[in-house]
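Chemist: Next comes the sequence, and after it the predicted model I'd like to discuss.
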Amino acid sequence: MSKKLVMMAVLAAMSSAALAEEITVYTARAEQLIKPILGVFEQETGIKVNVVSGGEGPLMERLKAEGSNSPADIFMTVDAGNLWQANNLGLFQPVKSAALAANVPAHLRDPGNNWFGLSVRARTIFYNKQTVKPEQLSSYEDLASPKWKGKLCLRTAKKVYNQSLVGTMIGNYGVEKTERIVKGWVDNLAAPVFPDDTKMLEAIGAGQCDVGIANTYYFGRLLKKEPNLPVGLFWANQKLDGVHVNVSGAGVTKHAKNAKGAVKLLEWLSAEKAQKLFADIDMEFPANPKVAPNPVVASWGKPKQDLINVSEAGSKQAQAVMLMDRVGYK
Amino acid sequence: MQLEKSLPSTRHSPPPGAAMPAGIRRRLAIWPARLLVLAISLFTVVPLAVVMTSSLSPDPAIWQHLLEFALPELLRNTLLMLLGVTAGVLLIGVSLAWLVAVYQFPGRRFFSWALMLPLAMPAYVLAFAQVGIFEFTGPIQTLLRPHFDNMRWFPEIRSTTGLLLVMSLAFYPYVYLLARNAFATMGRRALEVGQSLGLSPRQGFWRIALPMARPWIMGGVLLVVMESLADFGTVAVFNYDTFTTAIYKAWFALFSLDTAKQLASLLVVMVFVLLLLEQYSRGRRAYSQAGRTAPAPRLPLTGWRGWAASGIASLVLLLAFVLPLLQLGYWASRDFANQFSADFIVYAWRSVLLSLLAAVLVTLIALVLAYLVRRDGGAIVRLAARVATIGYAIPGTVLAVGVFVPVAWLDNQLIALLGLGGEVTAVFKGTLLAMLLAFMARFLAVGHSAVDAAMNRITRSHDEAARNLGVSGWALLYRVYLPLLSGGLFTAMLMVFVDVMKEMPITLMTRPFGWDTLSVRVYNMTSEGMWDQAALPAIAIVLVGLLPTILLSRQRDVA
């Protein structure tokens, strides 16, 4: 019986060659967050979109190994650091598109137009509304001050979001000052670092700690579930360089079989309709400044963004990781 | 008792009357079998080679950093984890197996199969559920908090102790399953002889049962050690840095695949040395059954002893299975309506199909391997068989790259050779066949441990008797070994089946387009911290993986 099953399955897998236009997307963004949006594109254009999801590291190795025989037309991932790395490995091709240039602000895309930010997330400060007044807060640097001793919660330094935050801090302040700040954070920790942002926000809500740093959309999703959570959002560094932002983004792969279709999909993703979907499904900020965020997100206000090019996070990532190792931020 | 006595080697003198050519023929006949073993081991050797091939010059800046700030702690942590988890699984797994195999106590039949259930719980899911239950924001501390000034006295679950407990609870079933198998097939006579010589049951355990179950128990411990070494998800929940953490850090965070590969090579070498040491220490002892006899009546544990036995078994089952399942159920209930759809049946069907095929393939190959090693007994064959099982100790994502690269290479060559460039992008890539072979590279150790241990129960006299009746070669395997090995084969299939159900990195890397399984669903959800959504597929893995387990094991567990 099993032989027959294998044969059937193998045949089924092999006979998937289709005649209609197709675009294949390799994505390190979680499938459930991107598929609904791609589904709308399929409906509108009649172009079929294949999605292959996985971790960003393995997907990049996959693209490398497949070389010119890769079925992928687009590589999509979160975090500018990852996009920078994919570009470094030569996995993208530059794209000339007036629509993309108009829809995606310059600091949210690769200077060489190899990849484009499609949604924006800010990594900012959250606080327990019962124990902290927003006036007590100001900047990432302030969280290193002794007044927060035993009151700070952080996510693990292994998450790329923190590596990017520290990377851009190195870009803005230099290594020495950044190292002092991160060391201060570690000294202030109230609990072992958390494996994800959601857990950390819940810990702030439960009073395990008073303040912490997290991505805005985790807060948005958590509020959907627990509207009464006593956690507030504070825009960091508004009197300084602005709050740290990062992107999820995508680029056309070097060996794309359907590069034209891929550009079309990227343009579509940066235009109004898809941007609105990004904003609503994921609770992220649209990359396209012409599109308004979801009302919940809009209610948090419009922060001043750190305009350092997000690709800086990538080029400084290794440095940031080593810095965090040195001060014992795990 | 023939416990320590070494037995004559496999090679037999030619039967009387046979001329020399028969001997030569037999010697020549060994070679196809040897080549087969080497071919099987290639499926692991090639991915290993990919993993271990890096530029020879280490990146000095990164290595210096790692040596100064990471490696000393990592090595200490890794060693501590291995020792702690080994102690944990030995304590839980062996003692429960012994209780269930030898004694009679309230609920014994139930526990006999129920204690296998935690096998279906992916370790990192167990970790997340346990942390969810016991951490500051979890239900227990939340309930207690209003009644105390502060909760500082409450033990921190996200600690080394917490990790060791959770890992022991997640991995003990390997040892339990194998040890139970050993105790059940040991034959009563050995213990009875011990009793007649005046050994108490406890002395019988230490001096007879434990030494005789050694290959099984060591096989289980080796699996646990390899899985702990390769683990990334569980230690990540506890933010506990191990050697594998460093591999991922070098790869993903420092963008130095070369350093990651160099670290992985070190890991492979360490595991290989470990395997050789284990094999060497096993030496030439024999572990065969001292006669097949009807099972002796179980020793009744009466009064408080009986209830204590049930209590211990219940506690383990509660912590390793029931509580985390309840926590998952609670999470799933918060978003059930949005999550459950007909697609689930498709995911479950694929998971079952894949796991079943892989279980059959891996067990079959493990059987062939164990049989050929036994028949041949030569050093090359032993070595090749050992190498073939190392895949289990390689971090999943790293091995996934190791298996994908050669498949993609082969495809590229074929496409170039056939001039199909531009039209076709895959030949073997994304087929079930490639997927199954990748699973073989990963899980051969799991199948091998059970089959290889079971092989020990077959005496040379079985071989001789069969040969005298004219049964030899593959017929010997089929007609004599197979029936004797059925328990071991069943254990092997069960463990591989459940392991494939839980597997993520290789599934993600090698599956056909859009071929989501339950574990892929779990991956997608947990990668975004969406536990309410991950809980349902996780429960499905547990349930789908378990139903066959329960049915089959109850059928077998008449003894």
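Modeler: In hand now; what should we look at? As the structure is a computational prediction, the values presented were derived from the model and not from experiment.
Chemist: alpha carbons only for contacts and neighbour counts from here, please
Modeler: Noted.
Chemist: which residues does the residue in the stretch 101-250 of chain B positioned nearest to chain A contact?
Modeler: Residue nearest to chain A within the stretch 101-250 of chain B: B:Val237 (5.6 Å; Cα to the nearest Cα). Contacts for B:Val237 (Cα atoms under 8 Å, 6 or more residues apart in numbering or on different chains) come out as A:194-195, B:124, B:127-128, B:158.
Chemist: How about B:Gly529?
Modeler: Taking Cα under 8 Å, 6+ apart, one finds A:196-198 in contact with B:Gly529.
Chemist: if you set the cut-off to 10 Å instead, what comes out?
Modeler: A:195-199, A:218, B:523 (Cα atoms under 10 Å, 6 or more residues apart in numbering or on different chains).
Chemist: Kindly report the same for A:Pro286.
Modeler: Contacts of A:Pro286 (Cα under 10 Å, 6+ apart): A:104, A:117-121, A:247, A:270-272, A:274-280, A:292-294.
Chemist: in chain A, which ranges drop under the pLDDT threshold?
Modeler: Scanning chain A for pLDDT under 70 picks out A:1-19.
Chemist: Excluding sequence neighbours, find me the nearest residue to the residue of the stretch 201-350 of chain B found nearest chain A.
Modeler: Residue nearest to chain A within the stretch 201-350 of chain B: B:Leu254 (4.5 Å; Cα to the nearest Cα). Ranked by Cα to Cα, 6 or more residues apart in numbering or on different chains and with sequence neighbours excluded, the top spatial neighbour of B:Leu254 is A:Ala318, at 4.5 Å.
Chemist: which ones are touching the one you found?
Modeler: A:81, A:163-164, A:167, A:324, B:62, B:249-250, B:252-256.
Chemist: Next one: the residue of the stretch 101-250 of chain B closest to chain A relative to B:Lys502, how far apart?
Modeler: 17 Å (Cα to Cα, to the nearest Å).
Chemist: Kindly report the same for B:Arg374.
Modeler: Distance from B:Arg374 to B:Lys502, by Cα to Cα: 32 Å.
Chemist: and A:Ile125, what element?
Modeler: strand A:116-128 (DSSP states H and E).
Chemist: Now do that strand: distance to the chain's middle.
Modeler: 8 Å (Cα atoms, centre = their mean, to the nearest Å).
Chemist: CA atoms only: put that strand into PDB for me.
Modeler: This file holds the C-alpha atoms of strand A:116-128, laid out as PDB (Å, rounded to 0.1, in the frame of the first residue of the first chain):
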ATOM      1  CA  PHE A 116      12.000  47.700  -0.700                       C
ATOM      2  CA  GLY A 117      10.400  48.100   2.700                       C
ATOM      3  CA  LEU A 118       6.700  47.200   2.600                       C
ATOM      4  CA  SER A 119       5.600  47.700   6.100                       C
ATOM      5  CA  VAL A 120       7.100  49.600   9.000                       C
ATOM      6  CA  ARG A 121       7.300  48.600  12.700                       C
ATOM      7  CA  ALA A 122       8.600  50.900  15.400                       C
ATOM      8  CA  ARG A 123      10.500  49.400  18.300                       C
ATOM      9  CA  THR A 124       9.600  51.600  21.300                       C
ATOM     10  CA  ILE A 125       9.100  51.900  25.000                       C
ATOM     11  CA  PHE A 126       6.100  50.300  26.900                       C
ATOM     12  CA  TYR A 127       5.200  50.900  30.500                       C
ATOM     13  CA  ASN A 128       2.800  49.800  33.200                       C
END
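Chemist: helix or strand right after it?
Modeler: strand A:152-153.
Chemist: Could you point out the helix or strand that follows that following strand?
Modeler: Past strand A:152-153, the next helix or strand by DSSP H and E is helix A:160-173.
Chemist: So is the helix or strand that that following helix is followed by next to chain B?
Modeler: As assigned by DSSP H and E, the chain's next helix or strand after helix A:160-173 is helix A:175-188. No: Helix A:175-188 stays clear of chain B (Cα under 10 Å from any Cα of the partner chain), getting no nearer than 14.6 Å.
Chemist: Would you map the helices across chain A?
Modeler: Under the criterion DSSP state H, helices of chain A are mapped to A:2-14, A:31-45, A:56-66, A:80-88, A:98-103, A:160-173, A:175-188, A:197-206, A:216-225, A:259-270, A:272-282, A:295-298, A:311-315, A:317-326.
Chemist: in the shortest one, what's buried?
Modeler: Read it as helix A:295-298. A:Val297 (16 or more other Cα atoms under 10 Å in any protein chain shown).
Chemist: Can you give the contact residues for that helix?
Modeler: Contacts of helix A:295-298 (Cα under 10 Å, 6+ apart): A:216-217, A:219-220, A:223-224, A:279-280, A:283-285, A:292.
Chemist: Including neighbour count, could those go into JSON lines?
Modeler: Putting the contacts of helix A:295-298 into JSON lines (neighbours: other Cα atoms under 10 Å in any protein chain shown) gives the following:
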{"residue": "A:Thr216", "neighbour count": "25"}
{"residue": "A:Tyr217", "neighbour count": "22"}
{"residue": "A:Phe219", "neighbour count": "23"}
{"residue": "A:Gly220", "neighbour count": "19"}
{"residue": "A:Leu223", "neighbour count": "15"}
{"residue": "A:Lys224", "neighbour count": "11"}
{"residue": "A:Ala279", "neighbour count": "23"}
{"residue": "A:Asp280", "neighbour count": "17"}
{"residue": "A:Met283", "neighbour count": "25"}
{"residue": "A:Glu284", "neighbour count": "28"}
{"residue": "A:Phe285", "neighbour count": "28"}
{"residue": "A:Ala292", "neighbour count": "16"}
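Chemist: Specify which member of those residues is nearest to chain B.
Modeler: Of the contacts of helix A:295-298, the one sitting nearest to chain B (Cα to the nearest Cα) turns out to be A:Tyr217, at 10.9 Å.
Chemist: the domain parsing of chain A - what is it?
Modeler: A:2-118+A:247-291, A:121-244+A:311-326 (automatic domain parsing).
Chemist: What distance do you get for A:Glu135 to chain B?
Modeler: According to Cα to the nearest Cα, to the nearest Å, A:Glu135 and chain B sit 27 Å apart.
Chemist: Determine the number of other residues adjacent to that residue.
Modeler: 7 (other Cα atoms under 10 Å in any protein chain shown).
Chemist: One more: B:Ile415?
Modeler: Neighbours of B:Ile415 (other Cα under 10 Å): 19.
Chemist: name the element it belongs to?
Modeler: helix B:396-417.
Chemist: could you give the angle of that helix to helix A:56-66?
Modeler: 20 degrees (axes from the mean of the first three to the mean of the last three Cα atoms, to 10 degrees).
Chemist: and the helix or strand just after helix B:396-417 with chain A, contact?
Modeler: The helix or strand immediately downstream of helix B:396-417 is helix B:432-455, counting by DSSP H and E. Yes: Helix B:432-455 reaches chain A (Cα under 10 Å from any Cα) through B:432-434, B:436.
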